[in-house]
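> Below is the sequence, then the predicted model.
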Amino acid sequence: MALMWTSISAIQNPSFINFKNINDRRFFRAITRASGSSSTVSDGSSVLLRAAKHTVDTYIKSGMVVGLGSGQASGMAIQYLGQQLRAGALKDIVGIPMSITSATEAATSGIPLDQYQDTSQVCTDSNHLLYFLLIGIDFAFDDADIIEEGTLVAVIGRQRPRGDESIIEEKSILNAADKLVFIVPENRFKGGLEGSIPVQVQSLNWMDAAEEIDDMFLGDAEVWRRPYIGHAGPLGGDFPLITKEGHNVLDVIFTSPIQSLAEVAESLDKVEGVVDHGIVSKSPLVSSSPLYSL
Ligand SMILES: O=C(CO)[C@H](O)[C@H](O)COP(=O)(O)O
């Protein structure tokens, strides 16, 4: 594994925190030496753990509603958050898990959980007037497969779901968060990205959507339907993946460098049958002063 100094991107407030430049330079020199030519996964893990702890220590305050992401680094942050709760360093945290895996990790770490409701709740006051109560998420952290240098637009969902992950649910929590941090190793932070953009499509007319996307990125990308088991291929084999929402997943595999992830997202959004995709743009806050009660 390459040298794993870790970058953290605060997406809503895109000040870029580079672990190489903050805190303890000696630590990173030590990691550099330890990584060297015989670097191991554990070296990378220890840097990720440090980044995960830094994320919790810096951004999470008592009383917050926190979106809990999926992936190795998020798992570390969840465990550390649980430790901080048990130690009394933090209290009154409510976790909003983005997947079954993060829910399980949070539950075993002793973090109180709630579910995110994407729609506003309708309430009545004493005069029987209707008003809306917005559910707010103060902060969220997550892993990302790749982050576009410069824009901090991220891609999630490249890997086959390990549990019951849903790009749709994950993105709705990420987009609802007032502040968002991706915890990623440095080698996932780059420009001119290649590789897969996962696209969730309606299963009935998946092929029409696939053809339209194929035409759209002709020469730059191949479009394959993601299999549940077995080998990948354009048609997704005999057992195509069906998401928990009943959709298929297309992997739009870019073989040429992507100039702008935001433009790819905009193009995909226009295709009939596309339900969602793994590109997470810098979205505005759902509410700058949310009223919430969880
Ligand atoms: O899609 C994702 C978040 O849901 C992650 O990018 C993906 O799970 C990466 O995991 P890891 O960091 O463990 O490789």
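Now that the structure is in, tell me what you want to look at.

> Mind jotting down where the helices sit in the stretch 151-294 of the chain?
167-176, 206-216, 261-269 (DSSP state H, counting those that start in this stretch).

> Dump the ones you listed into a markdown table; add mean pLDDT, distance to Ile100 and mean neighbour count as well.
Any C-beta I mention is one placed from the backbone N, CA and C, and that applies to glycine too. Below are the helices of the stretch 151-294 of the chain laid out as a markdown table (pLDDT from 0 to 100; distance: least, Cβ to Cβ, whole Å; neighbours: other Cβ atoms under 10 Å):
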| stretch | mean pLDDT | distance to Ile100 | mean neighbour count |
| --- | --- | --- | --- |
| helix 167-176 | 92 | 10 | 22 |
| helix 206-216 | 96 | 25 | 18 |
| helix 261-269 | 97 | 26 | 17 |
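
> how about TSV for these, with distance to the ligand added?
TSV is the format used below for those (distance: least, Cβ to the nearest ligand atom, whole Å):
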stretch	distance to the ligand
helix 167-176	5
helix 206-216	20
helix 261-269	14
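
> Tell me which of these sits nearest to Leu241.
For Leu241, the closest of the helices of the stretch 151-294 of the chain is helix 206-216, at 10.9 Å, according to Cβ to Cβ.

> what's that closest one in contact with?
Helix 206-216 is contacted by residues 199, 201-202, 221-223, 225, 234, 248, 250, 252, 267-268, 271-274 when judged by Cβ atoms under 8 Å, 6 or more residues apart in numbering.

> Which members of those residues are classed as buried?
199, 201-202, 221, 223, 225, 248, 250, 252, 268, 271, 273-274 (16 or more other Cβ atoms under 10 Å).

> Name the nearest of those relative to the ligand.
Val199 (13.7 Å; Cβ to the nearest ligand atom).
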